[in-house]
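Participant: Structure of the sequence below:
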Amino acid sequence: MAFNLRMNSGEKTYIWQSDVWPKWRYDLSAIADQLTAVSHAQGLLMGRLADVGMAVRDQASIATLTDEVVKTSEIEGEVLNADSVRSSVARHLGLDIGAVAPVDRHVDGVVDMVLDATLNSDKPLSAERLFGWHAALFPTGYSGLNKIITGQWRDDADGPMQVVSGPVGRRKVHFEAPPAHALPKETVDFITWANAATGEPALVKAGLAHLWFVTVHPFDDGNGRMARAVGDLFLARADSSPQRFYSLSAQIQRERKDYYDILERTQKGTMDVTQWLAWFLGTLNRAVESAHSTLEKVLVKALFWQRLAGVALNERQLKLLNRMLDGFEGKLTSSKWAAIAKCSPDTALRDITQLLALGVLQKSNGAGRSAGYLLVYGDIAR
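Facilitator: Numbers count the residues shown, from 1 in each chain. Below is the predicted model:
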């Protein structure tokens, strides 16, 4: 009803209601410095990666893709198991990461979408491809407890597609998408533009693609994740590389409030989207800079395992050492070891004692089962 009142009164609240939609406008000179900064940051990262071996690059790519899958879901309030995601990513890429975690259809579906967007970025975008991504995101046909239409455009049977927040009775509408009857034209316009040589700088096109898709909001659910996957496809095209070494979704999650604020302001503004592009490029630059710390962690892990080459370790020890290398929160004790490795306290203590003898672990404080243990990197324990 609210939607019809707005349209009938002639009020134009959202950019898709503009008379010139979807003719984007932006001031290229205002974002030129940011384009240069991102290109410079990407060049520095690729230069570092060129100096390491293929195995390290593969591990960096797994870490980045895992972060991308976990964080694009986390932005929407959905928490995925990082170990399951890592196992799924490695299996899809045909890479060995040692012990693997169980993977369910839902995790595999998100991984399928992200990998198809990045590894096959050179392939045209199509309605069928987007339907496939959406069906992969919701393999059961449900979003939580709600049955949704999967693998096809929404039909608005339950009312206009709105982005809302707040408790029932005090809901705030942040955005309302184009009506379902407009989707055939809206999606054709978007896909035609996506596959055409339209002249924008590649990174600008990535930002516009993200914004355009999330504004059309063509599905019952999952539009944010789909929009970020579409953006990743264009970023992969801009990089001319199927391997991913930075995660934009991870950076967006760190700046989640700003992300939703700039989207709302842009969707309620004019067709001049310079501010959105400035935010997008700034966030992208910070994502590339953050990738250096990811690479550093991968290098530390590679050197750590290189030092242990030829040492026979059991699956429990491999699992816990990798957990510590990835950043174990709090103090590791034998009781925590037993709980994580699903073994008896005595078995946990034997595992730890062997690693202490090898110089891989070092006792930090306490005694007995309250003793804490640190991982030893070369001559440094932490």
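Participant: show me the contacts for the closest residue to residue 111 other than its chain neighbours.
Facilitator: If the residues on either side of it in the chain are set aside, residue 111 comes closest to residue 88, at 4.4 Å by Cβ to Cβ, 6 or more residues apart in numbering. (Each C-beta comes from the backbone N, C-alpha and C, glycine too.) Counting by Cβ atoms under 8 Å, 6 or more residues apart in numbering, residue 88 makes contact with 69, 103, 107, 108, 111.
Participant: secondary structure element for residue 88?
Facilitator: Assigned by DSSP states H and E, residue 88 belongs to helix 82-93.
Participant: Buried residues in that helix, which are they?
Facilitator: Using 16 or more other Cβ atoms under 10 Å as the test for burial, helix 82-93 gives 83, 84, 85, 86, 87, 88, 89, 90, 92, 93.
Participant: Alpha carbons of it, as CSV, please.
Facilitator: Coordinates of each C-alpha in helix 82-93 appear next as CSV, following Å, rounded to 0.1, in the frame of the first residue of the first chain:
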residue,chain,number,x,y,z
ALA,A,82,35.4,-21.4,9.1
ASP,A,83,37.0,-24.9,9.2
SER,A,84,34.1,-26.3,7.1
VAL,A,85,34.4,-23.4,4.6
ARG,A,86,38.2,-23.8,4.4
SER,A,87,37.7,-27.6,3.7
SER,A,88,35.1,-26.8,1.0
VAL,A,89,37.3,-24.2,-0.7
ALA,A,90,40.3,-26.5,-0.7
ARG,A,91,38.3,-29.4,-2.1
HIS,A,92,36.8,-27.2,-4.9
LEU,A,93,40.3,-26.0,-5.8
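Participant: Now render the contacts of residue 88 as CSV, adding distance to residue 78 and secondary structure.
Facilitator: Compiled in CSV, those are given as follows (distance: Cβ to Cβ, whole Å; DSSP: H, G, I helix; E, B strand; the rest coil):
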residue, distance to residue 78, secondary structure
69, 11, helix
103, 16, coil
107, 11, helix
108, 15, helix
111, 14, helix
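Participant: next one: phi and psi at residue 332?
Facilitator: Backbone dihedrals for residue 332, given as degrees, to the nearest 10, come out at phi -80, psi 120.
Participant: just checking, it touches residue 363?
Facilitator: No - when contacts are counted by Cβ atoms under 8 Å, residue 332 is not listed as touching residue 363 (10.6 Å).
Participant: Quick check on these two: which one has the bigger neighbour count.
Facilitator: Per other Cβ atoms under 10 Å, whichever of residue 332 and residue 363 has more neighbours is residue 332, with 21 against 13.
Participant: Quick check: of the contacts of residue 88, which lies closest to residue 293?
Facilitator: residue 69 (18.7 Å; Cβ to Cβ).
Participant: Measure how buried that closest one is and give me the count.
Facilitator: Neighbours of residue 69 (other Cβ under 10 Å): 27.
Participant: Hmm, it is touching residue 108, no?
Facilitator: No - assessed by Cβ under 8 Å, residue 69 is found out of contact with residue 108, at 10.2 Å.
Participant: Model confidence score at the residue found closest to residue 68 once you drop the neighbours it is linked to in the chain, please.
Facilitator: When the adjacent residues along the chain are set aside, residue 68 lies closest to residue 247, with 4.3 Å between them (Cβ to Cβ, 6+ apart). Looking at residue 247, its pLDDT reads 94.
Participant: Quickly find the element holding the residue nearest in space to the middle of the chain.
Facilitator: A centroid search over the chain (Cα atoms, centre = their mean) returns residue 68, at 2.4 Å, as the residue closest to the centre. Using DSSP H and E, residue 68 falls within helix 54-74.
Participant: That helix to helix 82-93, inter-axis angle?
Facilitator: Here helix 54-74 points in a direction 130 degrees away from that of helix 82-93 (axes from the mean of the first three to the mean of the last three Cα atoms, to 10 degrees).
Participant: Could I get the buried residue list for helix 54-74?
Facilitator: Buried, per 16+ other Cβ under 10 Å, within helix 54-74: 56-74.
Participant: What of stretch 189-200?
Facilitator: Those would be 190, 191, 193, 194, 200, for stretch 189-200 by 16+ other Cβ under 10 Å.
Participant: phi, psi of residue 44?
Facilitator: Per degrees, to the nearest 10, the backbone of residue 44 is at phi -60, psi -40.
Participant: The stretch 251-382 of the chain: strands as residue ranges?
Facilitator: Using DSSP state E, counting those that start in this stretch, the strands of the stretch 251-382 of the chain run over 361-363, 373-377, 380-381.
Participant: Now those in a markdown table, please, with extra columns for distance to residue 156 and mean pLDDT.
Facilitator: Below are the strands of the stretch 251-382 of the chain laid out as a markdown table (distance: least, Cβ to Cβ, whole Å; pLDDT from 0 to 100):
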| stretch | distance to residue 156 | mean pLDDT |
| --- | --- | --- |
| strand 361-363 | 58 | 89 |
| strand 373-377 | 54 | 84 |
| strand 380-381 | 59 | 46 |
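Participant: dump the residue contacts of the closest residue to residue 89 other than its chain neighbours.
Facilitator: Closest residue to residue 89 apart from its sequence neighbours, by Cβ to Cβ, 6+ apart: residue 65 at 4.8 Å. Remark: with contacts taken as Cβ under 8 Å, 6+ apart, residue 65 is in contact with 89, 93, 111, 114, 115, 118, 244, 247.
Participant: how about low-confidence regions in this protein?
Facilitator: 1-11, 98-100, 366-370, 378-382 (pLDDT under 70).
Participant: Could you break it into its assigned domains?
Facilitator: Domain ranges of the chain: 2-300, 313-381, per automatic domain parsing.
Participant: right, so those domains: which one is the most enclosed?
Facilitator: domain 2-300 (a mean of 17; mean count of other Cβ atoms under 10 Å).
Participant: Who are the contact partners of the residue lying closest to residue 112 once chain neighbours are set aside?
Facilitator: Spatially, and ignoring its direct neighbours in sequence, residue 112 is nearest to residue 136 (4.5 Å; Cβ to Cβ, 6+ apart). Neighbouring residues of residue 136 by Cβ under 8 Å, 6+ apart: 108, 109, 110, 112, 113.
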